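**Student:** fold the following, please.
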Amino acid sequence: MCAFNYTEIFIGALLGILLTIIYDSFKDTQRKYKARKLFSFFPGIYRSSIISNEFKSKATISYNEDNILQIIVQHESREWRGTIKMETPSLGTLSYAYTDRPDEVGLKTIIPSFDKNQFTLIPEPYYLTAASMDYTKEIFIKEDITSSS
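**Tutor:** Residues are numbered from 1 along each chain as shown. Sure, this is the predicted structure:
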C-alpha cells in the first residue's frame, strides 16, 4: 500500500494552477505584442485618391486590440465609422455604418499596399439590407506621405 500525502498533492495542484496562469498570461501578452507590432503601420490619417486636385475623403485609423482597428471616414458632409478585422497583414474586412443613418451599413475588403503607405477599400455586396449601396473602390494614401511630396 502506498500512503498519500495530501499536503504534497494540494501544494502540487496549487503550484500547477499558478504556473498555468502565469504561462497563459505570458503567452497572451506575447500574442498581443506580436499583433500590435504586425499592425503598427496602420494607425494614422489617410486621404483618398485625388479628384480634380481635391481629396475626396479623409480616413482616420486607430489601433484597438489584437487584429482589430477602428476607422472613421469623412467625405463631403457625411461620416461613417467602422471596425476593421485584419485576417492577415495584407487582407482585412471592414464593417461600417453611417453616423447620420445607422441603418445605412456595408462591408468592404481592405487591402494594404506592400509599402504600407496606402490601402484600398473594395465594396462587398451586402445582401442583408434591402438597399445595397453601389460604390466603387477607393484608394487612401497616408497623409504624411502626401504632404511631403
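
**Student:** now residue 104: phi and psi?
**Tutor:** phi -90, psi 90 (degrees, to the nearest 10).

**Student:** neighbours of it, how many?
**Tutor:** 15 (other C-beta atoms under 10 Å). Backbone N, C-alpha and C define where each C-beta goes, glycine included.

**Student:** now for the top strand by length along the chain, which elements pack on it?
**Tutor:** Counting residues, the longest strand found in the chain (DSSP state E) is strand 78-88. If you count contacts as 3 or more C-beta pairs under 8 Å, 6 or more residues apart in numbering; DSSP states H and E, strand 78-88 packs onto strand 68-75, strand 91-98, strand 105-112.

**Student:** wait, doesn't residue 119 sit right on residue 108?
**Tutor:** No: if you go by C-beta atoms under 8 Å, residue 119 and residue 108 don't touch, sitting 10.4 Å apart.

**Student:** what lies in contact with stretch 26-34?
**Tutor:** 65-66 (C-beta atoms under 8 Å, 6 or more residues apart in numbering).

**Student:** just the C-alpha atoms of stretch 10-24, please, in CSV.
**Tutor:** As requested, the backbone C-alpha atoms of stretch 10-24 are provided in CSV (Å, rounded to 0.1, in the frame of the first residue of the first chain):
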residue,chain,number,x,y,z
PHE,A,10,-2.5,20.0,-2.7
ILE,A,11,0.7,22.0,-3.0
GLY,A,12,1.5,20.3,-6.3
ALA,A,13,-2.0,21.1,-7.7
LEU,A,14,-1.8,24.7,-6.5
LEU,A,15,1.6,25.1,-8.0
GLY,A,16,0.4,23.6,-11.3
ILE,A,17,-2.6,26.0,-11.4
LEU,A,18,-0.4,29.0,-10.5
LEU,A,19,2.2,28.1,-13.2
THR,A,20,-0.6,27.7,-15.8
ILE,A,21,-2.0,31.1,-15.0
ILE,A,22,1.5,32.7,-15.3
TYR,A,23,2.2,30.9,-18.6
ASP,A,24,-1.2,31.8,-20.1
